[in-house]
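Visitor: starting from these lines, generate the structure:
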Amino acid sequence: GRKPLRQRIVGELKHYYNGFHLLWIDTKVAARMVWRLLHGQVLTRRERRRLLRTCADLFRLVPFLVFIIVPFMEFLLPVFLKLFPEMLPSTFETESKKEEKQKKKLNAKLELAKFLRETIAEMAKRNKADTG
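Guide: Predicted coordinates for the structure are as follows:
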């Protein structure tokens, strides 16, 4: 069954609070990384990816804040999320969305691997026919 309206509202508020909290933590870490970069240190690949993700999240936050600040515009948020699924910062994603993205990536990798395997098998047959 569905949860009562009050529980759903409280759950959504907790979700957004946690999202902003995680974004704040990521922003502080990214600021430290930028400080290190400005002082001549080199970032690792992992740190560089985290810095880029945090910067992208901060840019995505601007249109998201419009929905929060303008009264009653939050009711349009699901519509805009359907049209622009990557609009939310990464800290606001639910676990089900993360799993769905991972499944899509895995399926794409499997399709690519299948294509490459078939291509290699076909090339091997051609080479065998040419040499045989």
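
Visitor: what about the host helix or strand of Asn127, distance to the chain center?
Guide: Using DSSP states H and E, the element containing Asn127 is helix 95-131. A distance of 23 Å separates the centroid of the chain from that of helix 95-131, by Cα atoms, centre = their mean, to the nearest Å.

Visitor: next: stretch 41-54.
Guide: Distance of stretch 41-54 from the chain centroid (Cα atoms, centre = their mean) equals 16 Å.

Visitor: buried ones in that stretch, by neighbour count?
Guide: Neighbour counts using 16 or more other Cβ atoms under 10 Å place Glu47, Arg50, Leu51, Thr54 of stretch 41-54 among the buried residues. (Glycine included, C-beta is placed from N, CA and C.)

Visitor: circling back: list the buried residues in the helix holding Asn127.
Guide: By neighbour count on 16+ other Cβ under 10 Å, the buried set for helix 95-131 is empty.

Visitor: residue ranges of each domain in the chain, please.
Guide: Annotated domains of the chain cover 1-41, 44-87, 94-131 [the TED database].

Visitor: now tabulate these in CSV and tack on mean pLDDT.
Guide: Formatted as CSV, those follow (pLDDT from 0 to 100):
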stretch, mean pLDDT
domain 1-41, 91
domain 44-87, 87
domain 94-131, 90
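
Visitor: quick one, what contacts Phe92?
Guide: By Cβ atoms under 8 Å, 6 or more residues apart in numbering, the contact set of Phe92 is His15, Tyr16, Gly19, Leu23, Phe64.
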